[in-house]
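Asker: Below is the structure, and that's it, no one-letter string:
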């Protein structure tokens, strides 16, 4: 069981030089349970959020900046089984059920605002392989399928203080991903690891919202596939203590010509530190991650 406190700080500077800042903290709980059925067969369930973004900027009409908010959160429930085919090789896989929620409020012109509130559920799968090359070296791979989620909800158009509502529908295709990793234990107390993950963001190239009252509205994202690369290590100390550290590089999937302040995206670097202790049947871990994202210049943005 885990709970993370996420405290992003997003800063946007208007062409006129005014600065807007979003600081929306959030808690991200996670839960995993595994059970060994036999020496070769295990089963497990997990509840976690693989995708979460929430940002809000206030009004600064004197500088031409209107309130923006964009919240998009996907929560997954996965049920998996794994089988140890030999002393050196294991395979696992299962079903993933993803629930997605969208709450977005953006200006669409002078005195005109669009607010979408929708949610939906989709299904996908996951498969993983683990190869114990030797007592000191392991390699693994994980593939997650893309998940298409049909969102249903409401679109509210506000013009001159008057609201018009309509049922709304939108399909969002969350990307497939492929992860590869290697773990090396050069000594009994030290483990070093490197892994890389590929994400097929081009599947989310555009999102079309359909309503009962207005023509279809398509948001083009011009997304590209991306990579994350991570290296890290764990050193085990006496009395059950362990310390960990790592570095990650994340490649942005959306260009600065197709983002808005409430939906930022860019290449970034992340540093992580952690400490934990194992006490009989319990393990307690604490971790701190700091992410620094490259500044984007969006003066040529299509919006």
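Answerer: Happy to help now that I have it. This one's a predicted model, so the numbers in the text were calculated from it and none came from an experiment.

Asker: dump the residue contacts of residue 89.
Answerer: Contact partners of residue 89, counting by CB atoms under 8 Å, 6 or more residues apart in numbering, are 129, 130, 131, 132. No exception for glycine: its C-beta is placed from N, CA and C like everyone else's.

Asker: For the second one, give its distance to residue 172.
Answerer: Same thing as residue 130. Residue 130 sits 31 Å away from residue 172, going by CB to CB, to the nearest Å.

Asker: Centre-most residue in this structure?
Answerer: Central residue check for the chain by CA atoms, centre = their mean: the C-alpha nearest the mean position is that of residue 51, 2.8 Å away.

Asker: Now the nearest residue to residue 174 once chain neighbours are set aside, what are its backbone angles?
Answerer: Counting by CB to CB, 6 or more residues apart in numbering, residue 174 lies nearest to residue 147, which is 4.7 Å off, once chain neighbours are set aside. When read as degrees, to the nearest 10, the backbone of residue 147 gives phi -130, psi 120.

Asker: Hmm, residue 133 is touching residue 139, no?
Answerer: Yes: the criterion here is CB atoms under 8 Å, and residue 133 meets it with residue 139 at 6.1 Å.

Asker: more crowded one of these two?
Answerer: Of the pair residue 133 and residue 139, residue 139 is the one with more neighbours under other CB atoms under 10 Å, namely 15 against 12.

Asker: ok, and the more buried one, which helix or strand is that part of?
Answerer: Assigned by DSSP states H and E, residue 139 falls within strand 137-144.

Asker: hmm, back to that, quick one: which of residue 130 and residue 172 has more around it?
Answerer: The residue with more neighbours, out of residue 130 and residue 172, is residue 172; 22 against 18, by other CB under 10 Å.

Asker: doesn't residue 204 make contact with the more buried one?
Answerer: Yes: counting by CB under 8 Å, residue 172 touches residue 204, with 6.7 Å between them.

Asker: thinking again about what came up before, check whether the residue lying closest to the residue nearest to the centre of the chain once chain neighbours are set aside sits in a helix, strand or coil.
Answerer: With CB to CB, 6+ apart as the criterion, residue 51 has its nearest non-adjacent residue at 4.3 Å, and that residue is residue 74. Reduced to three states with DSSP: H, G, I helix; E, B strand; the rest coil, the structure at residue 74 is strand.

Asker: And residue 74, how close does it get to residue 41?
Answerer: Distance from residue 74 to residue 41, by CB to CB: 30 Å.

Asker: Who has more neighbours out of those two?
Answerer: Neighbours were counted for residue 74 and for residue 41 using other CB under 10 Å; residue 74 has more, 20 against 12.
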